[in-house]
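>>> can't give you the sequence, but here's the structure:
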DNA sequence: GTGAGGCCCCTTTTT
DNA sequence: GGGGCCTCAC
């Protein structure tokens, strides 16, 4: 047996071999957290005489769960089947599939992803004739989700004003709609699983008895409901082992509540928090930069990472004139790194938002550098795949109105908007699902509706005896989707993806199904749940040596030899949205901290003076995060003149210039020294950037962003601006 | 009922 | 820049 305890440092060893009690491990980036978790489980099984079935392990992503399981399998030569390991959502799904009756759900309940949920909210609002301007669907959706994440049903929400009352009404109507259709959204999975245990003492006792050891990774990213669920699950004899890093809490926007760490410490009587502070990943300069940056946050439990490895290279900082130039810089450096023997898979390009990837992709593509983009539009989120899944959902659950609306007339079969409306009215009047109402229609489109209904019935009957993959193949073909996309001009890729879906069904093996849900769930429901819960990481080109591109969020937990952290601009990173959110700036800083600590040996930081965003040119100042990293750690690859002048600016947001302002041209030609984007200096306000202009000659005025001094409109004739 | 074309809107991160 | 939604012509 090979736990290799001798390779652990004293703190890691203490965590792994902690006697039977609750534990909180504060584990810094790169401190061997996953190793500690897996070794802990192995140690419990081996030394603590616990069977894998007594262990529940919660991870943040499905990928992390798979990785941990693989590592465990290498350590322990026993069957790990009985162990529950997965994400909160995956585990909740599993529990609800087992106890669907107690949870008040149909056996084949379907899971709505965010897109589906938004569509469902829109439909509910339409049904209530709600004013979509006053109650934007997105806001209603996020209201519902945040209430659920706090564990509140519509009836539990404290109503203080009329506006809230409306939102609560929508919440109630939405829940009723979901109940009638047998569908469950992400937050609902968690809330149902929580309520299931809360109400059902027998079940609660059963699980409390069973799970002697509950281990939770990325504890800082749990929300309040998840924390309460864990508390319910933990019996008298259960021990919780929570691992987290408050400095890497980056999911507050979806309800993560890093204060759970402190609360856990109090409520579970943790007398000594174990701190893992030795970093095994990054060179000294990179770690020093991360430490200096995060020191600017006030809300911290406090911890300082150190490394025994050398200082390494300084951080390389590049100021680009434009986003295109930034991309070209990346291309050049990546080539240089390759020449030095680095594999592309060991190099990552990170960005704050998905929209930034396009320019970089373009540059990589024209330079023939293979790359792989993570996230963005994921496989199971593509329109053609969602269509195929909608057919499958109707086969599994005829009440799924979302699915009905998606494909009743796709591909077109003569069921227009007017007809759909009539079906909806009939369904409402008779209290049936749309599919049932469709079959009962007597209108002009009745034959089309009847044949659609017949198609679904036929698929259901034929699928009954078929293996999953053949069922998917049949549905994809019989739905007419393939034919439809073949006839479309750029439909080739979509046809290919539909073929991929059949492959995905084929590789969705017995083992996966069992590890994700439970043996008695029917394969189709299990596959559909899998599609909803794990939208991503099913992409072609896996295994090829390719440059890794992803958002900072999806880079969490990963590491690379070289990292490019791009778009370090005020307004982009930190994102301007964060300025108006509570503690938004600190979350952005943690995000930057996560990004920096991904790098082992080399870290590039870049920003662009101008950037095309949403079809508009933006002029931005360098991110405050750049200046929060000590000068001694950085090496500027561009002339320092601009950089120094700019750092004197301090911070401010970035600015968009309105489209279609012909004055700019006139203005520029009259005053050759000034143009939009020009750096200027003002006697009183200091350095700034021209972000807008209007008027001519003596009346000419410019709008200048002076960073901390604010944004001012100045008359050019009066202000005595110096070109900088 | 269908499909093309145009307008308007948004625009962060994800299980 | 792109997707959702509307209008209009067939």
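Yes, it's here. None of the values given here were measured: they were computed from a predicted structure.
>>> Can you name the residues of the stretch 101-250 of chain A that neighbour DNA strand B?
Within the stretch 101-250 of chain A, the residues that sit near DNA strand B (CB under 7 Å from any atom of the strand) are A:113, A:114, A:138, A:186, A:250. Quick note: C-beta positions are derived from backbone N, CA and C, even for glycine.
>>> Mind telling me what element residue A:714 is part of?
For residue A:714, the element it lies in under DSSP states H and E is strand A:711-715.
>>> which residues pair with residue A:602 across the strands?
Counting by DSSP bridges, residue A:602 is bridged to residue A:562.
>>> how about it, what does it touch?
A:312, A:313, A:316, A:337, A:561, A:562, A:563 (CB atoms under 8 Å, 6 or more residues apart in numbering).
>>> Pull up the gap between it and residue A:486, please.
Distance of residue A:602 to residue A:486, given as CB to CB, to the nearest Å: 47 Å.
>>> and residue A:37, how many neighbours?
By the criterion of other CB atoms under 10 Å, residue A:37 has 25 neighbours.
>>> That one contacts residue A:215, correct?
Yes - under the criterion of CB atoms under 8 Å, residue A:37 makes contact with residue A:215 at 6.0 Å.
>>> Mind listing the shared neighbours of those two?
Common neighbours of residue A:37 and residue A:215 are listed as A:57, A:241, A:243 (criterion: CB under 8 Å, 6+ apart).
>>> List just the nearest of these to DNA strand B.
Using CB to the nearest atom of the strand, residue A:57 comes nearest to DNA strand B of the shared contacts of residue A:37 and residue A:215, at 14.1 Å.
>>> part of a strand, is the closest one?
Yes - counting by DSSP: H, G, I helix; E, B strand; the rest coil, residue A:57 is located in a strand.
>>> Show the contacting residues for it.
A:37, A:41, A:65, A:68, A:83, A:84, A:85, A:86, A:214, A:215, A:216, A:217.
>>> Give me the residues contacting the longest helix along chain A.
Counting residues, the longest helix found in chain A (DSSP state H) is helix A:162-181. Contact with helix A:162-181 is made by A:104, A:112, A:120-121, A:123-125, A:127-128, A:130, A:135, A:140, A:143-144, A:147, A:153-155, A:157, A:159, A:184-185, A:188, A:399-402, A:433, as judged by CB under 8 Å, 6+ apart.
>>> Out of these, which end up buried?
Buried subset of the contacts of helix A:162-181 (neighbour count, 16 or more other CB atoms under 10 Å): A:112, A:120-121, A:123-125, A:130, A:135, A:140, A:143-144, A:147, A:154, A:157, A:184-185, A:188, A:399-402, A:433.
>>> Show me those residues that map onto strands.
Using DSSP state E, the subset of the buried ones among the contacts of helix A:162-181 located in strands is A:112, A:184, A:185.
>>> could those residues go into JSON lines alongside pLDDT?
JSON lines is the format used below for those (pLDDT from 0 to 100):
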{"residue": "A:112", "pLDDT": "91"}
{"residue": "A:184", "pLDDT": "94"}
{"residue": "A:185", "pLDDT": "94"}
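>>> Pick out the residue of the stretch 301-450 of chain A closest to DNA strand C.
Residue of the stretch 301-450 of chain A nearest DNA strand C, by CB to the nearest atom of the strand: residue A:358 (6.9 Å).
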